[in-house]
Each structure stands twice: as structure tokens, then as C-alpha cells.
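Enquirer: sequence and predicted structure, then a few things I'm wondering about:
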Amino acid sequence: MAAWGRLSLYCHEKLEPVFRRKPGTYPGIVMTDRYAVIGNPIEQSKSPLIHTAFARVTGQDIDYGKLLGPLGGFAQAVDAFRAAGGRGMNVTAPFKLDAFAYATDLAPSAQMAGAVNAMKFEGDRVYAENFDGVGLVRDVVHNLAFPVRGKRVLVLGAGGATRGALLPLLAEQPAELVIVNRTVAKAEEMADLARQHQSGSVPVRGVSYTDLGAQSFDVVFNATSASLTAQLPPLTASAFAPGCLAYELAYGKGLTPFLNLAQQAGVTHLADGVGMLAEQAAEAFLWWRGVRPDTKDVIRQLTVPLG
Ligand code: ATR
């Protein structure tokens, strides 16, 4: 951070014409492109580790740092980063809505999610995306080799994480998608939103945990924030169909109460969100740099055993 502050000042005073050129086009000077993740707190973020690893394996010359955004000061912090030549940013809590407001060009994924997790800066334009949903689906379908097409899908929770995942999940054409939430009105609203925006005609329902009864599903995603406080959503073991996948969107927490319930119910396909984290980062990297990094090593490095 301090080093960036100094670099920023130096660049403004001495090197501004260089920054205005496309990186690498000034004769004899190759600029390292700068990226960062902004959040508050930010220490916990794995994004620098992930993007630095991606840069190494793809041979991209980038510098990726962490930026502690002041609460209430998101726009000023991003302005300063852009003024110092920053090319793009990942955005984490609590700034995903600030980034939504800050962007000039929102991709459909960001519009649908109502939140932004990646930005790209080009002149005055701020392009914004949300890669969480596409990262989740890529992890499930590609890394875990668990096709969603034709499956009965249950999503627990009706907050931001669910909202970001809906359209990418529906694009896989499951047999049905059910959103269950403690506050059923939010599940119903979310289901309405999904029905309005999906391009296909997958049946989508928003229900309460009681409404679920004894229905079972082939894929169950825990997109609630319950695992962050080691709580268990009021789900019964009957929700897990034989051969089902239980996927916890949180990562690095080991066997969460949700995954434990699934395991007790005999589910053998258990996953947490480490692959989703790596895949959303890979999507951002591809968007910024035009090259898709392989995620296997990063996933291996960040995996916390599920117990
Ligand atoms: P995020 O952005 O992580 O999705 P959020 O928007 O605050 O966070 O949403 C949190 C979701 O987790 C909500 O659906 C919440 O349910 P309510 O809308 O009924 O509050 C759900 N959630 C949080 N703790 C839960 C728990 N212990 N059991 C079940 N659902 C829980």
C-alpha cells in the first residue's frame, strides 16, 4: 500500500505521458499492469495469491495487490488507484454495491446479481462484471464433472450469493430450480426475478423450509451465510437424493454443519466453494488479460480438507 502511494505520486509527477500510452507501447519501457482487490477488511483475501499464481503460469506481467478501502470512501480509493494507472480490480465485501454504483458499463451478470465483483478500467469507462455465478457453474460442471442439465436443483438462501448464481445455473437447463429461504417472501421474489430473466423455461419456485416437505434434489447448494457463523439452515436430510452433490458456497471452513448434515445423510459428493473462488478469479483474469489460466494448482493450494 505504502509502496503504491509512492509509485502513484511518482507516476503523476514524472511519468504521466507513459501511463497515458497503452502499456508496453512506449519505446524501451514495459510497464507492469496493476490490479488489486478492494475490501474492508482485506487481509483475508486470497485474490492476490490466486492472480499472482495465474500470472506466473500464463507469463503475464502484472502486479496484483490488496487495497483496504475506507468505509464510505470506495469511490475515492478507486479513483486514486485508476489515476495511478490501475487497470482493473476485484471487489469484495462490503463494496460490491458501491462498485455497482461506480461502474459506467454493467454487464448483464452484474445487473442480474445487483452487485459487482470485477472491474476493468479503460479511459473514462468502468466496465463491471460479476463472475461468482459463472465461477460456481464452471466448478460444478467442469472441475467436479457434475452436469446440472436435467437435474433437480435446490438453492438454500435468497441473498446476494443466490442472486448471482441464478442465471448461470438456469443456463445449464436443470429440470427445476427451487430456492428455499427462512424468509419465504425473499425466496419468492428471487424466483420471480429468475423467471423474468432466464432465457429458457426452467420451472423456478421460491419456498419455505416447511414447504420443502420430503422433496429431494440432485444438487443442493448452500448459498446462505449460515456457515460463516457455524449455523445449520433448517434443512432435513431427505432433501439429498441418492447420488446427489452437496455444495457449500463458503470456502476454507472444512466440514460445515451443512456438509456434515449431507455426509450424515450418506452424500458422498461434497464440495466447498474453493473451486468457485478460483474459477471466478480465472474468469476475471481471462477478461482482463485474454488468457484463461488453469485453476488446478490454485485449488490444490487453497483446499482445506472437508474432514
Ligand atoms: P449473501 O450476500 O452472503 O447472500 P445476505 O444477502 O445477507 O448474504 O443473505 C444471507 C442469506 O442467508 C439469507 O437468505 C438468509 O436468510 P433470511 O433472508 O431468512 O435472513 C440466509 N441465512 C443466514 N443465516 C441463516 C441460517 N442460520 N439459517 C438459514 N438461512 C440463513
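Expert: Looks like it came in fine.

Enquirer: so which bits of the stretch 101-250 of the chain are right by the ligand?
Expert: 157-161, 181-183, 186, 224-226, 231, 233 (C-beta under 6 Å from any ligand atom). All C-beta atoms are positioned from the backbone trio N, CA, C, and that covers glycine.

Enquirer: are any of those residues buried, and if so which?
Expert: For these, a burial check counting by 16 or more other C-beta atoms under 10 Å picks out 157-158, 160-161, 181, 186, 224, 226, 233.

Enquirer: looking at the residues you listed, which are in helices?
Expert: Using DSSP state H, the subset of these located in helices is 160-161, 186.

Enquirer: can you add pLDDT and distance to S216 and give these back as TSV?
Expert: Shown next, in TSV, are these (pLDDT from 0 to 100; distance: C-beta to C-beta, whole Å):
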residue	pLDDT	distance to S216
G160	92	27
A161	94	23
K186	98	23
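
Enquirer: closest to the ligand out of the residues you listed?
Expert: G160 (2.8 Å; C-beta to the nearest ligand atom).

Enquirer: show me where the stretch 1-150 of the chain has its helices.
Expert: 2-14, 16-20, 47-58, 74-83, 96-102, 108-113, 132-138 (DSSP state H, counting those that start in this stretch).

Enquirer: by proximity to the ligand, which residue of the chain wins?
Expert: Closest point on the chain to the ligand, by C-beta to the nearest ligand atom, is G159, at 2.0 Å.

Enquirer: if I look at that residue, how far off is T295?
Expert: With distances taken as C-beta to C-beta, to the nearest Å, G159 is found 25 Å from T295.

Enquirer: just A241 next, same as before
Expert: In terms of C-beta to C-beta, A241 sits 28 Å off from T295.

Enquirer: could you do R138 as well?
Expert: 9 Å.

Enquirer: kindly report the same for S45.
Expert: Distance from S45 to T295, by C-beta to C-beta: 17 Å.

Enquirer: of these two, who's got more company?
Expert: T295 (26 against 18; other C-beta atoms under 10 Å).

Enquirer: chain neighbours aside, what residue packs nearest to the more buried one?
Expert: Spatially, and ignoring its direct neighbours in sequence, T295 is nearest to A278 (4.2 Å; C-beta to C-beta, 6 or more residues apart in numbering).

Enquirer: ok, the residue minimising distance to the centre of the chain - contacts?
Expert: When C-alpha atoms, centre = their mean is applied to the chain, the residue found nearest the centroid is D132 (2.7 Å). Contact analysis of D132 by C-beta atoms under 8 Å, 6 or more residues apart in numbering lists 113, 117, 161, 164-165, 276, 280.
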